[in-house]
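[1] Here's a sequence, model it:
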Amino acid sequence: MAPSADATAPITGRAGQVILVGLPGSGKSTVGRHLARRLQQPFLDSDQVIEQHLGCSIRDYFDREGEAAFRDVEQAVLAELCRRPRGVLATGGGIVLREANRNVLRATGWVVYLRSAPEELARRLRHDVQRPLLQVQDPLAKLRELHAVRDPLYREVADFVVENARRSVPMLVGTVLMQLELAGLIGTDAATQDSAAATVDEKPSLR
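    The predicted structure follows:
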């Protein structure tokens, strides 16, 4: 179905960006791509931009230079990406650890926290070999540790919290659009069309 005119209405307030935060595997990139398509806005993934900047994978850089050096690069890239006047941005799971980043997120756009239980993320990421913090003997214990530290920080910056317990991508996108519509940031048709689509595709599709 082609999007209506209202679906492309600009998001108002702050810098006009929608920024997705959440733990690794919570669906930020997948939901972000679909959300940007529905809003007809550009999409960027901060981790992909970081890897383009580094010329290597985040895992390789992490292993070689350490977490502190990676967080320096992450902070610089976030500051640059947040200068965009509009769009949808998916961020890395640890983006909220630094206060400077949290300040930028709050000042830049409308922040959506995709919240997942550690147990669900462990199931989803059981074959993952790319996320450096999860290359440990007990990934579930690590995810529980990350959740305990980061959940309050995600909530601190979030304008909207969306629980994504085994919801399909269309359902999650529809929920985000409804939140944006209720806040008066987009037209009504953009939200109602994706809500209708969510009833057609109910299968979980986040990995």
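
[2] The residue nearest to residue 16 when sequence neighbours are not counted: neighbouring residues, count only.
    Take residue 16 and drop its neighbours on the chain: the residue closest to it by CB to CB, 6 or more residues apart in numbering is residue 86, 4.1 Å away. For every residue, glycine as well, the C-beta is placed using N, CA and C. Neighbours of residue 86 under the rule other CB atoms under 10 Å: 14.

[3] Quick check, residue 86 in contact with residue 40.
    No. Using CB atoms under 8 Å as the test, residue 86 is too far from residue 40 to be in contact (10.4 Å).

[4] any idea where the strands of this protein begin and end?
    Secondary structure of the chain (DSSP state E): strands at 17-21, 43-45, 87-90, 109-115, 160-163.

[5] same for the fourth one, what does it pack against?
    It stands for strand 109-115. Under the contact definition 3 or more CB pairs under 8 Å, 6 or more residues apart in numbering; DSSP states H and E, strand 109-115 sits against strand 17-21, helix 139-157, strand 160-163, helix 169-182.

[6] The shortest one too?
    Using 3+ CB pairs under 8 Å, 6+ apart as the contact test, the elements touching strand 43-45 are helix 28-39, strand 87-90.

[7] still on that earlier bit, so which of the helices and strands packed on strand 109-115 is the most surrounded?
    Most buried of the helices and strands packed on strand 109-115 by mean neighbour count (mean count of other CB atoms under 10 Å) is strand 17-21; its value is a mean of 27.

[8] ok, residues contacting it?
    Residues from elsewhere that reach strand 17-21 (CB atoms under 8 Å, 6 or more residues apart in numbering): 11, 28, 31-32, 35, 39, 41, 82, 84-91, 95-96, 105, 108-114, 154, 157-158, 176, 180.

[9] and if you look at stretch 57-70?
    Applying CB under 8 Å, 6+ apart, the contact partners of stretch 57-70 are 47, 50, 51, 54, 73, 92, 130, 131, 132, 135.

[10] Give me the buried entries from those.
    Among these, the ones that count as buried by 16 or more other CB atoms under 10 Å are 47, 50, 51, 54, 92, 131, 132.

[11] Pick the one among those closest to residue 166.
    Each of the buried ones among the contacts of stretch 57-70 was checked against residue 166 using CB to CB; the closest is residue 131, at 20.4 Å.

[12] surely the closest one meets residue 124?
    No. If you go by CB under 8 Å, residue 131 and residue 124 don't touch, sitting 11.4 Å apart.

[13] Identify the contacts common to the two.
    With CB under 8 Å, 6+ apart, residue 131 and residue 124 have common neighbours residue 25.

[14] And stretch 26-44, what's buried?
    Of all the residues in stretch 26-44, those buried under the rule 16+ other CB under 10 Å are 26-36, 38-39, 41, 43-44.
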